[in-house]
Structure formats: C-alpha cells, structure tokens
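Asks: take this sequence and fold it.
(one chain, ligands or ions: 1)
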Amino acid sequence: MTEAWPVPAGRLTLAEIREHPALGPLDRIPDRYRGPRQVTGDGWVNFAGRLERGEEIALVRSLTAVNSRVLDVGGGSGELARAVAEQIGQCTAVEPHRQLVESMHEDGSGSVSVFPGSAELLPFSSGSFDAVYCAWVLPYVSDIREATEEMIRVCDPDNPEAKIVLISGGSGNELLGLLNEICVPVAEEPYDHHGYLLLTAAQVLEEHGFSDFSLYRAESSIRFDEREPDERAATAAAVLTDFWYEQHPKAADIRAALEPALSRHFSCRPHAIGDQAAILVARPA
Ligand SMILES: C[S@@+](CC[C@H](N)C(=O)[O-])C[C@H]1O[C@@H](n2cnc3c(N)ncnc32)[C@H](O)[C@@H]1O
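Replies: Numbers count the residues shown, from 1 in each chain. Below is the predicted model of the structure:
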C-alpha cells in the first residue's frame, strides 16, 4: 500500500531533499548505481497503453506552460511531449529506441520534433532549451551523472524560467514494491531504488548551480480491467514481465512468481497498481 509522504511546501535545499521521505525507503539507499535496466519498444508500449497518469501530465504541462523551448528526454511513445506541445505549440523529444522514434514521427501532428539519441549524449548545442524534463528514464541510463550533466548543458541557465524536471518512482510506489519484493530476488539483481536516482541527479544539479529545488508527487497507476481475477493476475504478470524482463533468461520464472503476488494485490486493490511518482524540479539559484 502507498505510504503517505507529505507534499513539501516551497523550495528545498539539497540537504532537505536527501532526508525527504518521498525518496525512500531511506534505509535502503544503495551506495552505488545498480546499472541500467533494459526496455523494449513492445514492452513499454503494452505497459503504457494501460497507464493512467492524468495528474502527472497536468503537472508537467503546468510546469512548462511558461516555457517556449522544451526538451523531453527519453520521450517513449510521446504522450507527455504531445501534451506539452498541445499547450505551448511545440516540443522536442529525444529517444534512443528506433521503434518509438518512428511511432512519434507517425503521429503526424508535426508539433513534436523527434530526434534519435540518448540522455548521455544529447544531440543539441548548449543552452538550446529553457526547460528539460525526463520522465521515468533514469533507471535506463548507463550513467546518472553523465545524463544529468547533459540535461544541464542543453538548458539555458540565463532564461528566467529555466528548469530541469525529473520524474521517477516515489516512496511507496506499488509497482516498484512488486519489482523489488518479487522479481529482483528471482532475477538475482540489486534492489531498484528510484530515490537514489533522484538524489544522485540532485547532487549533480546542485554542483552546476541548479540548486533551487521543489518536489511534487503524482498518483499514477496502471489499470487492469479484465473481469475475472485469474485472468487479471495472469495478464498483469505478462505485461509487467515483458516491460521489466522481456529478454531476461529467467523471464518465465519471474512471471510465475508475479502471478500469485498480483492475485494478492488485486484482492485489496482490484483493478489498479499504483505507479506513484516523485517529481523533482531544479532551477538555477
Ligand atoms: C519507461 S519509458 C518512459 C517514456 C516516457 N518518458 C514517458 O514517460 O512516457 C523509458 C524510456 O526511456 C528510453 N530510454 C532508454 N534508455 C535511454 C537513454 N539512455 N537515454 C534516453 N532515453 C532512454 C526508452 O527507450 C523508453 O522510451
């Protein structure tokens, strides 16, 4: 179940971010990065098709409403970039996965400009944007510091509305709970701690003068509308395994371990699994 953590009022320092329960569990923060997860186009698209993230999208739109040159790093299938472009007329996205780049091109509205590339080496000159956001991408980058430094490089710090927005799982995120409690032991891999990702990025942001922090939360979830409980648990186990472990040698074992855990989950929250977000906003001080 979701742990409550307070919505912080006003601006925060790095020291306050470090102790904030949103980035927990604070007693499980690792001392180094576990390394990038793998994601496939199909795995992401099937998962994303069930996401309900109106609150998160509304927050990204309100944060970027005053900006004019906005970059979406790791745009996926373009849902957030389209929402931003709808509001301010355009948005630029960068995405390494060819299938996802093509799907954004096929959108046809022309308001999202998509470039192949990755967070660690952004294909733009310095100061090209006045806002950069990166949603649910830090677990996939090879180096958090490099990726954060690239976002800082392409963000113009002299723009009065300059900001970098990072979205990851918040403390109590139900999907991350399933991943860490059920899948990680079967896959024999290190704990996946999203608070650690945001903390590491916050440290790099502060070093480069983006030290005026705010932290928000949004209640996203993934929906399973299947009527029969058994079918729901089996479908959810397949969707989550494909998203997290499609090419993993133990994918079948992970899926088998997830199914009973999902049946237990759905017995108290019948049609949704929470994907609660912690959203870090950093502005130049
Ligand atoms: C969980 S999806 C999130 C997509 C999108 N940001 C959203 O919130 O809808 C993760 C995305 O990160 C992309 N990705 C993976 N490695 C990346 C990297 N090194 N740099 C930028 N994006 C990356 C994936 O291809 C995928 O589109």
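Asks: please count neighbours and contacts with C-alpha atoms only from this point.
Replies: OK.
Asks: sec struct for Thr92, please.
Replies: strand (DSSP: H, G, I helix; E, B strand; the rest coil).
Asks: what residues are bridge-paired with it?
Replies: Note on Thr92: beta-bridge partners by DSSP bridges are Leu71, Ser113.
Asks: surely it meets Gly117?
Replies: No. Taking contacts as C-alpha atoms under 8 Å, Thr92 lies outside contact range of Gly117: 12.0 Å.
Asks: those two: which has the busier surroundings?
Replies: Just comparing Thr92 and Gly117: by other C-alpha atoms under 10 Å the higher neighbour count belongs to Thr92, 22 against 19.
Asks: and the residue located most distally from the centre of the chain, how close does it get to Pro270?
Replies: In the chain, Glu228 marks the outermost C-alpha relative to the chain mean, sitting 30.2 Å out by C-alpha atoms, centre = their mean. Look at Glu228 and Pro270: by C-alpha to C-alpha, to the nearest Å, they are 10 Å apart.
Asks: need the strands for the protein, in chain order.
Replies: Per DSSP state E, the chain carries strands over the ranges 51-52, 70-73, 91-95, 112-116, 131-135, 163-169, 212-218, 221-223, 272-274, 277-283.
Asks: what's the first one packed up against?
Replies: So the one you mean is strand 51-52. Contact analysis of strand 51-52 by 3 or more C-alpha pairs under 8 Å, 6 or more residues apart in numbering; DSSP states H and E lists strand 221-223 as its packing neighbours.
Asks: what does the strand it packs on contact?
Replies: Outside strand 221-223, the residues within contact range by C-alpha atoms under 8 Å, 6 or more residues apart in numbering are 47, 50-53, 271-276.
Asks: run the chain-centre distance for it.
Replies: 14 Å (C-alpha atoms, centre = their mean, to the nearest Å).
Asks: give me the sheet partners of that strand and which way each runs.
Replies: strand 51-52 (antiparallel), strand 272-274 (antiparallel).
Asks: before we move on, back to that, let's have the strands of the chain in CSV, adding mean pLDDT.
Replies: Listed next are the strands of the chain as CSV, based on pLDDT from 0 to 100:
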stretch, mean pLDDT
strand 51-52, 97
strand 70-73, 98
strand 91-95, 98
strand 112-116, 96
strand 131-135, 98
strand 163-169, 98
strand 212-218, 94
strand 221-223, 98
strand 272-274, 98
strand 277-283, 97
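Asks: out of those, nearest to the ligand?
Replies: strand 131-135 (4.2 Å; C-alpha to the nearest ligand atom).
Asks: so what secondary structure elements neighbour the closest one?
Replies: So strand 131-135, by 3+ C-alpha pairs under 8 Å, 6+ apart, packs with strand 70-73, strand 163-169.
Asks: can you name the residues in contact with the longest one?
Replies: Strand 163-169 is contacted by residues 130-138, 151-152, 155, 176, 194-195, 197-198, 275-284 when judged by C-alpha under 8 Å, 6+ apart.
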